[in-house]
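Participant: for reference, the sequence and a predicted model appear below.
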Amino acid sequence: MLREAQHRRAVEVHTTGTNQHLRGILSFSEKIPRNDVKQEKSIAKRWAYILTGLLILALCVCLGRAQIKHAAVAYEIYHLQTFTPPPIRSGESRLHQHWANAQFYWDFADIPLSRDKRLQLLNPALRPLVQEIARD
């Protein structure tokens, strides 16, 4: 007991030194903890933020899947240059021109998407017929 009290007083006297100096004075059981705990907490916080962001991104993708698919088809049509938008009218602003071009490709993207929807609706009706044909 007496030795611990003397040891603590020695630490109080040497508080002007750096943490490294104090670590040398203190016994192993009383060592000043490093910033490991703070670093672990900051790493945990960082991972929590990253995982929360990824969860929000996944949720947005799931909810907006139809619009993302629509935009991808519109971009494919634009990139392949299968169709060209109507020519620029005189006096039309660039913003309006870009908006009209985007709407043009968006409308053309409806064609393959609506065809896919019709095929999905038709497939349940054709399945028994296909099975009957495959049996023969």
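Facilitator: That came through, no problem. Numbers count the residues shown, from 1 in each chain.

Participant: how about low-confidence regions in this protein?
Facilitator: Along the chain, segments meeting pLDDT under 70 span 1-37, 127, 130, 134, 136.

Participant: go again using 80 as the cut-off
Facilitator: For the chain, the stretches with pLDDT under 80 are 1-41, 88, 118-136.

Participant: who does the helix ranked longest in it touch, helix- and strand-wise?
Facilitator: Scanning the chain for the longest helix, with DSSP state H as the assignment, gives helix 94-135. Here helix 94-135 touches helix 65-80, going by 3 or more CB pairs under 8 Å, 6 or more residues apart in numbering; DSSP states H and E. Every residue, glycine included, has its C-beta placed from N, CA and C.

Participant: buried set for the helix it packs on?
Facilitator: Across helix 65-80, burial judged by 16 or more other CB atoms under 10 Å covers H70, V73, A74, I77, Y78.

Participant: check contacts around the fourth one.
Facilitator: Just to be clear, that refers to I77. Contact partners of I77, counting by CB atoms under 8 Å, 6 or more residues apart in numbering, are F83, Y105, F108, A109.

Participant: report the buried members of these.
Facilitator: Buried members of those, counted by 16+ other CB under 10 Å: Y105, F108, A109.

Participant: nearest to E40, out of those residues: which one, please.
Facilitator: Within the buried ones among the contacts of I77, proximity to E40 (CB to CB) peaks at A109, which comes in at 48.7 Å.

Participant: right, and the closest one touches L80 too?
Facilitator: No. In this structure A109 lies outside contact range of L80 using CB atoms under 8 Å: 12.0 Å.

Participant: quick revisit: pick out the most distant pair among the contacts of I77.
Facilitator: Using CB to CB, the contacts of I77 reach their maximum pairwise distance at F83 and A109, which is 10.6 Å.

Participant: between the contacts of I77, which is nearest L95?
Facilitator: Y105 (16.3 Å).
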